[in-house]
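Enquirer: turn this into a structure:
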Amino acid sequence: MGIRGIAAAGLIAFAASAHASAEAFPLGFSAVGGIGYGYYSMEELNSHIGTLAQEEHISIDELASGVNFRVEGRLWILSQVALTGGYEHFWAETAAEGTSSNLSYRAPSDVYTYGVLLAVLRLENSFNFCVGVSGCAARSVFGMNELGGTRLEEFKGNDNGYEVYTEIHTNFINPVEVGFQLGYRGVKVETYSDKYGDVALFDPATKIEVDYGGVFFYLMTGIRL
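Expert: Take a look at the predicted model:
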């Protein structure tokens, strides 16, 4: 058998081996998305809102929670550990109710995440139980109309934080996964700037700060390859 014949036989053997061990391939990929809810700390902001509401004799709820959205890609290694990268969006707003005041506050944020997810318990044809940790890069826009009118004055701020969470998802309806995620995030934007680059203040002694830290949960679905 010549060199070409040996090479051809080798290629055929490699292809057969790869096909036979496809399930044992060490790398996998999954893409997931979820809709959920987050509970925010917002201590400084809500203290300011409460003081202003008392002074103006208006009723306005604290900015304490909001809908969250997430999409994420996961690179699995030996079906045990995944490197993760994703995007989240937090909604957060409150407004005066039952009065002629149109006072309102909004603090949506885009958040980019990167981290590690570990499958600590895998029950075949049942569920996977995982724990994860992620770093977060928040890109937030804070808006308010304390000076009057309906148009919100906007300020932008960036900061970093973290998330720790547990997740349970199915492994018996492949390639589809359905799951639930519960965790805690520590993400606080401590400095906002106006369009001129000046630090945004509630008053001369108080910077605008928005704290998204708190418990969150997601209902998740995805596809795993």
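Enquirer: now name the helix or strand holding the residue nearest the centre of the chain.
Expert: The chain has residue 88 as the residue nearest its centroid, 3.6 Å off, counting by C-alpha atoms, centre = their mean. Element membership for residue 88 (DSSP states H and E) is strand 81-90.
Enquirer: within the sheet, what are the partner strands of that strand, with directions?
Expert: strand 65-77 (antiparallel), strand 109-122 (antiparallel) (DSSP bridges).
Enquirer: between the next helix or strand after it and strand 65-77, how many degrees?
Expert: Next along the chain after strand 81-90, taking DSSP H and E as the criterion, comes strand 93-97. Counting by axes from the mean of the first three to the mean of the last three C-alpha atoms, to 10 degrees, strand 93-97 lies at 170 degrees to strand 65-77.
Enquirer: give the rounded mean pLDDT of the following helix or strand past strand 93-97.
Expert: Downstream of strand 93-97, the first helix or strand assigned by DSSP H and E is strand 104-106. Here strand 104-106 scores 92 as its mean pLDDT.
Enquirer: excluding sequence neighbours, find me the nearest residue to the residue nearest to the centre of the chain.
Expert: Leaving aside its sequence neighbours, residue 88 sits nearest to residue 111 (C-beta to C-beta, 6 or more residues apart in numbering; 4.2 Å). Backbone N, C-alpha and C define where each C-beta goes, glycine included.
Enquirer: didn't the one you found look like it was pressed against residue 139?
Expert: Yes: between residue 111 and residue 139 there is a contact at 7.3 Å, judged by C-beta atoms under 8 Å.
Enquirer: look at these two and report which has more neighbours.
Expert: A direct count of neighbours by other C-beta atoms under 10 Å for residue 111 and residue 139 places residue 111 higher, at 23 against 14.
Enquirer: same for the helix or strand that contains residue 51, what does it pack against?
Expert: Taking DSSP H and E as the definition, residue 51 sits inside helix 43-56. Contacts defined by 3 or more C-beta pairs under 8 Å, 6 or more residues apart in numbering; DSSP states H and E place helix 43-56 against strand 59-60, strand 210-211.
Enquirer: just the residues contacting that helix, thanks.
Expert: 59-60, 62-64, 94, 96, 101, 103, 105, 107, 146, 202, 206, 208-211 (C-beta atoms under 8 Å, 6 or more residues apart in numbering).
Enquirer: just stretch 133-144 next, same as before
Expert: 84, 86, 88, 103-116, 152-165, 185, 187, 189, 192, 200, 208, 210, 212.
Enquirer: repeat that with 6 Å
Expert: Residues outside stretch 133-144 that contact it (C-beta atoms under 6 Å, 6 or more residues apart in numbering): 105-115, 152, 154-164, 187, 189, 192, 208, 210.
Enquirer: taking those, please make a PyMOL selection of just the buried ones.
Expert: Of the contacts of stretch 133-144, the buried ones can be selected in PyMOL as follows, counting by 16 or more other C-beta atoms under 10 Å:
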select buried, resi 105+106+107+109+111+113+115+152+155+156+157+159+161+163+187+189+192+208+210
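Enquirer: returning to that earlier point: any idea of the angle the helix holding residue 51 forms with strand 93-97?
Expert: Using the same axes, to 10 degrees: helix 43-56 against strand 93-97 is 10 degrees.
Enquirer: gap between helix 43-56 and the chain center?
Expert: Relative to its parent chain, helix 43-56 has a centroid offset of 28 Å by C-alpha atoms, centre = their mean, to the nearest Å.
Enquirer: for residue 122, give its distance to residue 73.
Expert: 20 Å (C-beta to C-beta, to the nearest Å).
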